[in-house]
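Q: Attaching a predicted model along with its sequence, questions to come.
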Amino acid sequence: MKLVCFDVDGTLIWTSGAGRRAIRRALVDVLGTAGPIDGFRFDGRTDPEIVGQLAAGAGVATEAPLVERVLARYVEFLGEELAKPGHVTLVYAGVRELLSALEARSDCAVGLLTGNVVDGARLKLASAGLDLERFRVGAFGSDSAERSALPAVAQRRARETLGVEVMGEDLVIVGDTPTDMTCGGDVGARAIGVATGAFGVAELLGAGARAAFADLCDTAAVLDATLAP
Ligand SMILES: [Mg+2]
């Protein structure tokens, strides 16, 4: 059984900056400042990592309860941002077809491995017409601030919810940043890159991707790279 876990932002969907606007509003609401948010890179980082680093950059001590408060407000503001008139969430070309193709196979399960907190992931995916529950296993920023801890979370959830041990390259991580490519190194996961975010194919390959694609449109090629022994 292969467990194919997708990153969200830059990989499956793009929420047109709604996440960044919601984080900014939550930081200002709870801390009175969004810190050095202008120019701060969100991609590849988990939500608690983003909040912790921006708060630290603003000179605010980042204890866990404070980060939790900011993230709770973030989810509220994210819902508002996604519901604004004119908001568009883009689903990248080929995503729906790839998910359907993977789901049609008996030797695969489709999951999520994302820095989003679970409630944020649910809202973002719903804004694109994708149901979080469609993903049978999830590892989220609400599980750990460290992305490198998330592959083991995905393995544990697969054991608990699917009753399968997903070892080594049977865990496949699909993402758009070098951090996605490296986070599964400790558990021997396979990484597949997609250059729909800010990083190119060469950068993703350089970070250790088994294969990398400009986008996910060539379903057969992505399936081949994902499922090949
Ligand atoms: Mg991403």
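A: Perfect, thanks for sending it. Owing to the predicted nature of the structure, the values given are computational and were not obtained by experimental measurement. Numbers count the residues shown, from 1 in each chain.

Q: and the residue of the chain found nearest the ion, how many neighbours does it have?
A: For the chain and the ion, the shortest gap (CB to the ion) falls at residue 10, measuring 3.6 Å. C-betas here are computed from N, CA, C, even on glycine. Residues within reach of residue 10, counting by other CB atoms under 10 Å, total 21.

Q: Looks like residue 77 contacts residue 20 (just checking).
A: No. Between residue 77 and residue 20 there is no contact under CB atoms under 8 Å: 10.8 Å.

Q: neighbour-wise, which of these two wins?
A: Set residue 77 next to residue 20 and count neighbours by other CB under 10 Å: residue 77 wins out with 20 against 17.

Q: wait, what's in contact with that one?
A: Contact analysis of residue 77 by CB atoms under 8 Å, 6 or more residues apart in numbering lists 21-22, 25-26, 29.

Q: out of the residues you listed, which are buried?
A: 21-22, 25-26 (16 or more other CB atoms under 10 Å).

Q: and the two most separated of those residues?
A: 21 and 26 (9.8 Å; CB to CB).

Q: Centre of the chain to the top helix by length along the chain, how far?
A: Longest helix of the chain, by residue count under DSSP state H: helix 64-83. Helix 64-83 sits 17 Å away from the centroid of its parent chain (CA atoms, centre = their mean, to the nearest Å).

Q: mean confidence for that helix?
A: For helix 64-83, the mean pLDDT works out to 96.

Q: just to revisit the earlier point, between the contacts of residue 77, which sits nearest residue 84?
A: Looking across the contacts of residue 77 and measuring by CB to CB, the closest to residue 84 is residue 21, at 9.4 Å.

Q: right, and the closest one touches residue 82 too?
A: No. Residue 21 is beyond contact range of residue 82, at 10.0 Å (criterion: CB under 8 Å).

Q: Other residues contacting stretch 206-226?
A: Residues from elsewhere that reach stretch 206-226 (CB under 8 Å, 6+ apart): 2, 4, 92-95, 97-98, 101-102, 172, 174, 178, 181-182, 185, 190-196, 201-202, 204-205.

Q: Which of these fall in strands?
A: Among the contacts of stretch 206-226, the members falling in strands are 2, 4, 172, 174, 190-194 (criterion: DSSP state E).

Q: Could you dump those residues into JSON lines with pLDDT and neighbour count added?
A: Shown next, in JSON lines, are those (pLDDT from 0 to 100; neighbours: other CB atoms under 10 Å):
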{"residue": "2", "pLDDT": "97", "neighbour count": "19"}
{"residue": "4", "pLDDT": "98", "neighbour count": "27"}
{"residue": "172", "pLDDT": "98", "neighbour count": "24"}
{"residue": "174", "pLDDT": "98", "neighbour count": "28"}
{"residue": "190", "pLDDT": "98", "neighbour count": "23"}
{"residue": "191", "pLDDT": "98", "neighbour count": "25"}
{"residue": "192", "pLDDT": "98", "neighbour count": "23"}
{"residue": "193", "pLDDT": "98", "neighbour count": "32"}
{"residue": "194", "pLDDT": "98", "neighbour count": "30"}
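
Q: Enumerate the residues of the protein near the ion.
A: By the rule CB under 5 Å from the ion, the part of the chain lying against the ion is 7, 9-10, 176.

Q: switch the cut-off to 8 Å
A: 7-11, 43-44, 114-115, 175-177, 180, 197 (CB under 8 Å from the ion).

Q: Any idea what residue 91 is bridged to?
A: residue 13 (DSSP bridges).

Q: swap that for residue 3, please
A: According to DSSP bridges, beta-bridge pairing links residue 3 with residue 109, residue 171.
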